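A.B. asks: Below are the sequence and a predicted model for it; my questions follow.
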Amino acid sequence: MSDQTGVSRYHLLNRLRSWTPELRQTVRTLVSVFMSDVVARGLHLHEPAWALITAVIVTQARVSSSLEAGRDQILGTLIGAFAGAIAIALALAGLPRVPLFAALMVPLALLAAFKPNLRLAGVTLVVVFLFPAQGGAFSRPVDRVLAILVGAAVSLLVSYAVFRSRSRTQAFEAASTMLATLDDTQRQALVHRLPIPELERLNDASSELLKVLVTSILEARRERLGSIERHEPLMVRLAPMLRRLQSDVLFVARAVHETAVTTPTPDRDAPLVPRLSAVADAISAALQALRTAMQDEADNNSHAHDQALREADRLMAVIGRLGDEAGPLPRFTLQMLSRDISEAALALRPETDDRATK
């Protein structure tokens, strides 16, 4: 019975761990809504509900997304409020409300068509002009606009302060996963001789991970008030470093494929197979050492950077023992890959990264 309970608890923890981003976003949204209500009531706004609605819309999983949503919300609100003020003034002058609303809604609809991120301008016009309100002609609409602005501002602050997205961790995790994909690609090329179209599909997977990495680095730039080049120099170098490794692996795959096509003699290829397998094993060991270092960086742990350097040196020695059977093009591309792996290992050294400035 206790074993079953332990297994159930393990599965529950794993399920909760997989829900971590969603749970973080849930907490962030709830805090944003609660704080918007507190601030709106503290300012004695008569309709704080508009602040709560805005908070739900603006609060996003990433700081950059919250900034964009908040900026668009505020700008759209101001445009809609301006249109609403014109509508109220003209209505007070005696113009009929429905034709007046339609006339002002047309340019806002055009604006939303060309700039979808500003579609809130039309919503604000509806809220300001059509919703019934007590008191002065302008006092309650102004109150609503202030509530919307409060919701947007509070949401931005909450996005920075509560469970801020782990862009640094995400960047190194993406780098680690991409290294695993590159390892799979090179093994398929050197050991299993997978056709080029299949290898290009694996390369596409690496490209998608590279996009995730670049997005995480951009997010980190927005999260940090200081220069990311000064505080996280290694993270800045991740994208070009992995882009070179990706190109190297694809060049190796093409070179091996072209050599096999132009020299298909079985007697020539037979002694080369175990040597290429040894090279593939050495590349795997070097990439795995880089992956371990990347994962340690993601977890903010210290890592044995010398291991990556040792594996890079061993890879260079294995490639040097290939001999002339491999052909000049595979040897050249493998040496290029080995050199870039060595540079990546050097970049992981603390004195190279200068992480004391973090």
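C.D. replies: Nice, I can see it.
A.B. asks: what about the residue of the chain positioned farthest from its centre, which SS state?
C.D. replies: No residue in the chain sits farther from the centre than residue 94, which is 53.2 Å out by Cα atoms, centre = their mean. Following DSSP: H, G, I helix; E, B strand; the rest coil, residue 94 is assigned to coil.
A.B. asks: where's residue 284 relative to residue 291, distance?
C.D. replies: Note on residue 284: its distance to residue 291, by Cβ to Cβ, to the nearest Å, is 10 Å. Where C-beta positions appear, they are placed from N, C-alpha and C, glycine not excepted.
A.B. asks: Overlap in contacts, these two.
C.D. replies: Here residue 284 and residue 291 have residue 183 as joint contacts, going by Cβ atoms under 8 Å, 6 or more residues apart in numbering.
A.B. asks: returning to what we had before: please read off the pLDDT at the residue farthest from the centre of the chain from the model.
C.D. replies: Per-residue pLDDT puts residue 94 at 85.
A.B. asks: who touches it in this structure?
C.D. replies: Counting by Cβ under 8 Å, 6+ apart, residue 94 has no contacts.
A.B. asks: Can you list phi and psi of it for me?
C.D. replies: phi 110, psi 0 (degrees, to the nearest 10).
A.B. asks: for residue 119, same thing?
C.D. replies: Torsion angles, degrees, to the nearest 10, at residue 119: phi -70, psi -10.
A.B. asks: my guess is it meets residue 112, correct?
C.D. replies: Yes. Here residue 119 reaches residue 112: they are 3.9 Å apart, a contact under Cβ atoms under 8 Å.
A.B. asks: and the gap between residue 70 and residue 151?
C.D. replies: Per Cβ to Cβ, residue 70 is found 9 Å from residue 151.
A.B. asks: got any residues that touch both of these two?
C.D. replies: With contacts defined as Cβ under 8 Å, 6+ apart, the residues shared by residue 70 and residue 151 are residue 58.
A.B. asks: the more surrounded of the two?
C.D. replies: A side-by-side neighbour count of residue 70 and residue 151, using other Cβ atoms under 10 Å, places residue 151 first with 33 against 24.
A.B. asks: The more buried one: what's it in contact with?
C.D. replies: By Cβ under 8 Å, 6+ apart, residue 151 lies in contact with 36, 40, 50-55, 57-58, 73.
A.B. asks: and of these, the nearest to residue 209?
C.D. replies: Within these, proximity to residue 209 (Cβ to Cβ) peaks at residue 58, which comes in at 29.3 Å.
A.B. asks: Burial check on that closest one, number of neighbours?
C.D. replies: Per other Cβ under 10 Å, the neighbour tally for residue 58 reads 29.
A.B. asks: how far away is it from residue 102?
C.D. replies: Counting by Cβ to Cβ - residue 58 and residue 102 are separated by 29 Å.
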